[in-house]
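J.: following is a predicted model, sequence given first.
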Amino acid sequence: MPDWIHIVIRAFSTLVILFALTRVLGKKQISQLTFFEYVIGITLGDLAGAISTDVETNYSHGIIAILVWCIVPFGLELLAMKSKTLRNLIEGKGRVVIKDGKVLEDNLKKERYTGDELMEQLRTKNIFRVADVEFAMLEPSGDLSVLLKSDLQPLTPKHLDMKLPIEKPTHAVILDGVIQLEPLAAAGKSKGWLMTELNKMGIPVENVFLAQVDTHGDLTVDLFDDNVQVPEPTQRPMLLATLKKCEADLELFAMTTKDTEAKLMYEASSARLTEVIQSVKVLLKA
């Protein structure tokens, strides 16, 4: 057998084995690479390259080495799930580098981390003053977790005592011009509803690259033809405008009527409608 065919067979079989073993090791290998996993990845790559191209080596011995380098880390990972001591030994521990707006230089030295590297990490998070940081920790993965001081944290609806609707996943109900029935059902919509909404916009299904149903049940579409302007959903803003008009009408009736009983009724209804509008205003804003 020619050497090139031998190399193709060895490389392909090695690729299949590595792929299977990587799936067993889990997604953590590519999402949060620790130093230990980094060493394993380099070694596995070197072993795979060596047994794939060196036709004089024993292929089975190379596979055994790869299995050892996968089984041992996998076993250690299972043990580390039950032992914090072992987990700290293998994955390392995070270290606080900023506290109360002050850099802990001793901890930086222990991590062999320079001030320039710390400032670079802070700048990637749009933080330019160390004094703005309440707490910062260097994670075992090398990422810097930062907590800003309370008065510098972003304002949230909770600070304003605003109640927002629970956000649900957005469902892609059309993809590449094809209706996706499963996401459509998950969004609580039917195919008939979808076709009706598209007809309102004057858009054929075939011209839709992507259509999504959001938390509020609104349909947004992206077309293959980028020159066509797609109308924005108007149901919720129109409903809010209608409620405000009713509120204004009730106030007008209360001011113009001469009947005392009717005046009190209109004022009470207007006040009740105002409360309703305030409670649903966040939901109905586009």
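T.: Sure, I can see it.
J.: correct me, but residue 204 touches residue 198?
T.: Yes: contact criterion C-beta atoms under 8 Å: residue 204 and residue 198 qualify, at 7.3 Å. For the C-beta atoms, the positions are set from N, CA and C on the backbone; glycine is no exception.
J.: out of those two, which sits in the busier spot?
T.: For the pair residue 204 and residue 198, the greater number of neighbours falls to residue 198 (19 against 12), based on other C-beta atoms under 10 Å.
J.: any idea how this protein splits into domains?
T.: 3-89, 95-152, 171-231, 236-284 (automatic domain parsing).
J.: can you redo those domains as CSV with mean pLDDT and distance to residue 160?
T.: As requested, these are exported to CSV (pLDDT from 0 to 100; distance: least, C-beta to C-beta, whole Å):
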stretch, mean pLDDT, distance to residue 160
domain 3-89, 74, 35
domain 95-152, 91, 16
domain 171-231, 87, 20
domain 236-284, 84, 10
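J.: JSON lines for these, including distance to residue 163?
T.: Below are those laid out as JSON lines (distance: least, C-beta to C-beta, whole Å):
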{"stretch": "domain 3-89", "distance to residue 163": "34"}
{"stretch": "domain 95-152", "distance to residue 163": "22"}
{"stretch": "domain 171-231", "distance to residue 163": "14"}
{"stretch": "domain 236-284", "distance to residue 163": "7"}
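J.: closest to residue 162 out of those domains?
T.: Checking these against residue 162 by C-beta to C-beta gives domain 236-284 as the closest, at 6.2 Å.
J.: can you report how many residues neighbour residue 14?
T.: 21.
J.: and the helix or strand it falls within, what does it pack onto?
T.: Per DSSP states H and E, residue 14 falls inside helix 3-25. Here helix 3-25 touches helix 35-53, helix 59-80, going by 3 or more C-beta pairs under 8 Å, 6 or more residues apart in numbering; DSSP states H and E.
J.: nearest to the spatial middle of this protein, which residue is it?
T.: The chain has residue 169 as the residue nearest its centroid, 10.9 Å off, counting by C-alpha atoms, centre = their mean.
J.: check contacts around it.
T.: Residues near residue 169 by C-beta atoms under 8 Å, 6 or more residues apart in numbering: residue 186.
J.: could you rerun that using 6 Å?
T.: Taking C-beta atoms under 6 Å, 6 or more residues apart in numbering, we find residue 169 in contact with no residue.
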